[in-house]
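Asker: Got a predicted structure plus its sequence, pasted below:
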Amino acid sequence: MKVLLDTSPLSDANATRGIGTYTRFLLDRLLNNKAIEVFQSGAMSEDELKKFKADVVHYPYFDFFFATLPLKLIGKTVVTIHDVIPLIFPKHYPTGKIGKVNFLRQKLALKAVNSIITDSQSSKKDIIKYLGVPEEKIAVIYLAANPKLQPLTKENLNKYQRKLRLPKNYLLYVGDINYNKNLPQLIKTLKFLEKDIKLVCVGNSFHPQEIPEWEAIEKQIALSDVNNRVKFIEDIVSDDPEELAAIYQGALAYIQPSLYEGFGLPILEAMQCQTPVICGKNSSLPEIAGQNAILVAEEKAENFAEAVKEVLTWKKKDRQAFLDKTSKWANKFSWEKTAKETIKVYQELHQ
């Protein structure tokens, strides 16, 4: 079976985001599976793509407001829709006239798609509700953490802590700064904790920019008077997973403060690196964390702070017992399993 995978997310703005991570790891595992023959759109010219006859075409990304899906499909087609967050919080994801036209276009193109893959049961419900897709057309396939993100030796951990000038005691967030990430409440959390506890935020968007999300971050830092307690790390060496593993491992706890997530990949990354996870009890987060995180009922600073205080009361053996449990949970997710279940979707279409 010939499968054509759209690899454009590896060469555009999505390359360093979750969509790029998904495409990269899925491609790697698909290439190593003998059940199919994988072709990459990014490795072919326009003429070659026009002439190429694939049994299945897979678009690993669906944008609501840009034309990422052709109106005329060239064969059996699979699309991955990771979440519908822009449709859940429309006021915070303004589209403009062109975006509205593109949304109608994308919905029209989606009707001709044979199968849709999504990251969680939560996202599946959202896709049915907001896009009107029949339930039987949607397959839920979980993602996984980067397998190279693993706990480091004490020596290597200390080396990266010195290199990155990490605080002695810090909470951690890894990701983007979109509205749904709820970062102002995360920053405000520091107000309710001892002053020796800092916050480290890792991601490519943590730099001054004229957008509402960054302005909200700066405003909250000023309101909470925590300017000297927040550290932004923007440039993580992508080909050195030990650097990110060290940041995870050295944290008192990882906090996913999001109001909504389609999956929440950093939760599994933190667990894999043996770091306690705190997150909201919403959307896909309880589904992905299971009983292996401290879930707060309402995504507010005071609640996150109480959860942090709980973690700080743990004795060494209690913390380790919790981390052993979460590590086992995270190991149930794998990219091999993701690829295997994705191939099953391809095969069902090819029958």
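Answerer: Nice, I can see it.
Asker: where along this structure do the strands fall?
Answerer: Assigned by DSSP state E, the strands in the chain fall at 2-5, 37-40, 56-59, 76-80, 115-118, 138-140, 170-174, 198-202, 230-233, 253-256, 277-280, 294-296.
Asker: got the contact list for the residue with the largest distance to the centre of the chain?
Answerer: Going by CA atoms, centre = their mean, the residue of the chain most distant from its centre is K51, 34.6 Å out. Contact analysis of K51 by CB atoms under 8 Å, 6 or more residues apart in numbering lists nothing. No exception for glycine: its C-beta is placed from N, CA and C like everyone else's.
Asker: now the one 4 residues further on
Answerer: Listed by CB under 8 Å, 6+ apart, the contact set of D55 reads 1-3, 75-76, 346, 350.
Asker: Now flag whichever of these is closest to N182.
Answerer: Lowest distance from N182 to the contacts of D55 (CB to CB) belongs to Y346, with 36.3 Å.
Asker: just checking, that closest one touches E37?
Answerer: No: using CB atoms under 8 Å as the test, Y346 is too far from E37 to be in contact (11.0 Å).
Asker: Once you drop chain neighbours, what's closest to S334?
Answerer: Closest residue in space to S334, ignoring its immediate chain neighbours: A144 at 5.0 Å, by CB to CB, 6 or more residues apart in numbering.
Asker: nope, P266 is what I was after
Answerer: Leaving aside its sequence neighbours, P266 sits nearest to V174 (CB to CB, 6+ apart; 4.5 Å).
Asker: what are the bridge partners for the one you found, then?
Answerer: The partner list for V174 in beta bridges (DSSP bridges) reads V202.
Asker: So what's the residue count around it?
Answerer: When neighbours are defined as other CB atoms under 10 Å, V174 has 22 of them.
Asker: need the contact list for it.
Answerer: V174 is in contact with 201-203, 244, 247-248, 254, 266, 269-270, counting by CB under 8 Å, 6+ apart.
Asker: one step back: of all the strands of the chain, which lies closest to K328?
Answerer: strand 277-280 (13.8 Å).
Asker: partners of the closest one, with directions?
Answerer: As defined by DSSP bridges, the strand partners of strand 277-280 come to strand 253-256 (parallel), strand 294-296 (parallel).
Asker: check contacts around A13.
Answerer: So A13 contacts nothing (CB under 8 Å, 6+ apart).
Asker: Tell me how this structure divides into domains.
Answerer: Split into domains by automatic domain parsing, the chain comes to 2-143+334-350, 154-330.
Asker: In a markdown table: these, plus mean pLDDT.
Answerer: Shown next, in a markdown table, are those (pLDDT from 0 to 100):
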| stretch | mean pLDDT |
| --- | --- |
| domain 2-143+334-350 | 94 |
| domain 154-330 | 95 |
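Asker: right, so those: which one is the most enclosed?
Answerer: Comparing the domains of the chain by mean neighbour count (mean count of other CB atoms under 10 Å), domain 154-330 comes out on top with a mean of 18.
Asker: on that earlier part again, spell out which residues are contacts of both of Y346 and E37.
Answerer: Counting by CB under 8 Å, 6+ apart, the shared contacts of Y346 and E37 are 1, 3.
Asker: mind listing what G175 touches?
Answerer: Neighbours of G175 in contact, by CB under 8 Å, 6+ apart: 181, 202-203, 256, 266.
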